[in-house]
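S.K.: model the following, please.
(one chain, ligands or ions: 1)
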Amino acid sequence: MWWDDQMRNARPGRPARHPARNPARPRPRVVIAGMGDTGVLVATRLSRSCEVVAIATRPALVSGQELGHRLTDLDQWRRHYLVPFGRFRRLDRVRTIHGRITRADLDRRVVHVETVDGAQLAEPYDFLVVATGVANGFWRHDRVEDLETINAAMVEASQRIGAASTVALIGGGATGVSVADNLARRNTGTVHLFHDGTEPLPGYHPRVRAWASQVLRADGVVVHPNHRAVVPAGFNGDRLTSDPVQWSTGQPPFDADVVLWAVGGVRPHSSFLPDTVLDADGFVRVDEHLRVPGHDEVFAVGDVAASDPLRCSARNWGAQVVVANLRVAMGGRGRRLRRFRAPTYRWGSVLGLQSDGLVVVQPSGRRARIPRFIARPLLFGVFVTRYLYGGLRREGAR
Ligand SMILES: Cc1cc2nc3c(=O)[nH]c(=O)nc-3n(C[C@H](O)[C@H](O)[C@H](O)COP(=O)(O)OP(=O)(O)OC[C@H]3O[C@@H](n4cnc5c(N)ncnc54)[C@H](O)[C@@H]3O)c2cc1C
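M.R.: Got it, this is the predicted structure:
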């Protein structure tokens with residue numbers, strides 16, 4: 001096909017005329033597998049120049065961000081992180097199929113989908129973007145759901161945690177730290193955070209890790225370093241529990257009203273892909289341009305992509321890299337494929353927006369605090385709504 005030639009010749013040479021601006025060319029058909037944080041970004045950026053078909057397990061963006069806020073201030077969280085697709089102006093031209101990909105035939109360039117109604121569809125593509133994320137705890141999964149089910153599960157989890165007088169968080173990654181601190185700041189019972197190192201937040205700069213320990217303690221979290229929990233056999237952390245937690249590091253069992261397991265152990269949503277494109281842990285292999293080796297028309301991005309040791313392409317503009325490279329492949333803007341560059345350390349907002357503002361930690365270990373009165377309009381009004389999504393309709397507008 002015409003854009004296959006473009007893809008092969010992508011690096012050197014002049015770009016050809018973009019198909020969207022050249023009526024003689026058909027619009028390339030891009031299938032986006034998964035409409036979470038990164039899939040939505042790719043879809044909103046391609047919808048005007050390509051025929052985009054998006055396969056989504058839910059009828060809304062259910063962001064993987066800010067679990068702490070989601071559990072402690074669900075109404076506020078929903079406002080920014082649970083966004084029905086009808087609110088995205090730039091998804092108007094996207095055909096969204098509510099269902100799940102069951103198989104991708106990369107040789108024939110077709111994905112097989114089971115829709116929410118049980119119908120079986122075969123969707124051909126010129127380009128495929130895999131953004132199906134990972135399963136993690138009870139809050140990230142690949143079940144096909146409607147909005148009512150999504151809401152009911154969220155309300156149940158936040159009510160259960162809100163009613164507990166002792167909460168145990170197992171795991172000192174960004175999720176465990178964020179939930180522990182948000183709960184403690186809202187004075188919902190006693191909050192215990194258990195982690196198996198000396199400082200929480202592995203993968204972050206040492207200065208950030210030391211800062212997080214201090215903040216947690218100052219906010220009233222009881223921090224228990226050097227505790228490695230025994231994960232019950234057959235359990236993968238996908239529900240809240242209340243049995244005493246046992247430790248392989250020798251401490252006595254710990255009893256809490258509610259235990260939230262945030263022990264990492266993420267499982268990639270990649271079973272619909274052939275093993276040949278997966279690494280030993282099931283993540284999708286990609287090159288520096290986020291293309292799947294051996295399949296120049298297939299890209300992977302977000303938590304499912306084995307882009308770097310931290311698999312951090314979601315928050316490091318991987319979606320934009322994929323969009324730029326698709327445009328090159330289609331003969332549009334830019335001559336060279338863009339490289340994905342991962343920082344050595346994780347960065348971002350760990351605690352989310354608080355009454356004293358938003359702290360963003362940097363890969364260098366520095367921190368920037370944006371005051372709340374600026375952060376709210378800047379982050380949600382300008383950055384998220386306008387820049388990231390290209391415009392959102394008001395809640396309930398559609
Ligand atoms: C702009 C931005 C800023 C961020 N900032 C932060 C931050 O400050 N702090 C932080 O901790 N993290 C941050 N993150 C990262 C975030 O926590 C996760 O990395 C991100 O949610 C992962 O996105 P994803 O698209 O890979 O997966 P998800 O958002 O989980 O989306 C995957 C979707 O694919 C669906 N799916 C799965 N299997 C199938 C299938 N077979 N067929 C169809 N659909 C399927 C899933 O159900 C899900 O809906 C940020 C991310 C972005 C994009």
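
S.K.: which residues of this protein score low on pLDDT?
M.R.: For the chain, the stretches with pLDDT under 70 are 1-25, 332-334, 397-398.

S.K.: so which residues of it form helices?
M.R.: With helices called from DSSP state H, the chain shows them at 2-8, 37-46, 67-72, 74-81, 147-163, 174-185, 206-218, 318-329, 372-375.

S.K.: what does the stretch 101-250 of the chain have sitting close to the ligand?
M.R.: Contact residues, the stretch 101-250 of the chain versus the ligand (CB under 6 Å from any ligand atom): 101, 131-133, 140, 142, 174. Every residue, glycine included, has its C-beta placed from N, CA and C.

S.K.: nearest to the ligand, out of the residues you listed: which one, please.
M.R.: Gly133 (2.6 Å; CB to the nearest ligand atom).

S.K.: returning to that earlier point: and the helices of the chain: which comes nearest Leu61?
M.R.: Minimum separation from Leu61 across the helices of the chain (CB to CB) falls at helix 37-46, 5.0 Å.

S.K.: got the angle between the closest one and helix 74-81?
M.R.: If you take axes from the mean of the first three to the mean of the last three CA atoms, to 10 degrees, helix 37-46 sits at 40 degrees to helix 74-81.

S.K.: in helix 37-46, what's buried?
M.R.: Neighbour counts over helix 37-46 (16 or more other CB atoms under 10 Å) mark 37-46 as buried.

S.K.: what does that helix rub up against?
M.R.: Contacts of helix 37-46 with the rest of the structure, by CB atoms under 8 Å, 6 or more residues apart in numbering, involve 30, 32-33, 35, 52, 54, 56, 61, 63-65, 88, 90-91, 94, 129, 131-133, 301-302, 313-314, 318-320, 322-323, 326, 388-390.

S.K.: just the buried ones out of those residues, please.
M.R.: 30, 32-33, 35, 52, 54, 56, 61, 63-65, 88, 90-91, 94, 129, 131-133, 301-302, 313-314, 318-320, 322-323, 326, 389-390.

S.K.: what's the domain layout of this protein?
M.R.: Structural domains annotated on the chain: 2-136+266-388, 159-261, as defined by automatic domain parsing.

S.K.: how about Ala164, what does it touch?
M.R.: Residues in contact with Ala164, defined by CB under 8 Å, 6+ apart, are 188-189, 256-258.

S.K.: of the residues of the stretch 101-250 of the chain next to the ligand, which is the nearest to Ala122?
M.R.: Nearest to Ala122 among these, counting by CB to CB, is Ile101 at 10.8 Å.

S.K.: in this structure, what residue lies closest to the ligand?
M.R.: Closest to the ligand within the chain is Gly36: 1.7 Å, counting by CB to the nearest ligand atom.

S.K.: that residue: how many residues sit nearby?
M.R.: When neighbours are counted by other CB atoms under 10 Å, Gly36 registers 26.

S.K.: got a list of what it touches?
M.R.: Shown in contact with Gly36 (CB under 8 Å, 6+ apart): 61-64, 131-133, 302.

S.K.: apply 10 Å and report the result again.
M.R.: With contact set as CB atoms under 10 Å, 6 or more residues apart in numbering, Gly36 has these partners: 56-58, 61-65, 131-134, 140, 142, 269, 302-304, 314.

S.K.: if we can go back for a sec, now render the buried residues of helix 37-46 as CSV, adding distance to Val361.
M.R.: Formatted as CSV, the buried residues of helix 37-46 follow (distance: CB to CB, whole Å):
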residue, distance to Val361
Asp37, 19
Thr38, 21
Gly39, 26
Val40, 25
Leu41, 22
Val42, 26
Ala43, 29
Thr44, 27
Arg45, 27
Leu46, 31
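
S.K.: of these, closest to Ala280?
M.R.: Nearest to Ala280 out of the buried residues of helix 37-46 is Thr38 (CB to CB; 22.9 Å).

S.K.: gap between the closest residue to the closest one other than its chain neighbours and Leu216?
M.R.: Distance criterion CB to CB, 6 or more residues apart in numbering; nearest residue to Thr38, sequence neighbours excluded, is Gly302 at 3.7 Å. Distance, Gly302 to Leu216, by CB to CB, to the nearest Å: 28 Å.

S.K.: how many neighbouring residues does the residue lying closest to Trp261 once chain neighbours are set aside have?
M.R.: Leaving aside its sequence neighbours, Trp261 sits nearest to Gly237 (CB to CB, 6+ apart; 3.5 Å). Using other CB under 10 Å, Gly237 has 23 other residues around it.
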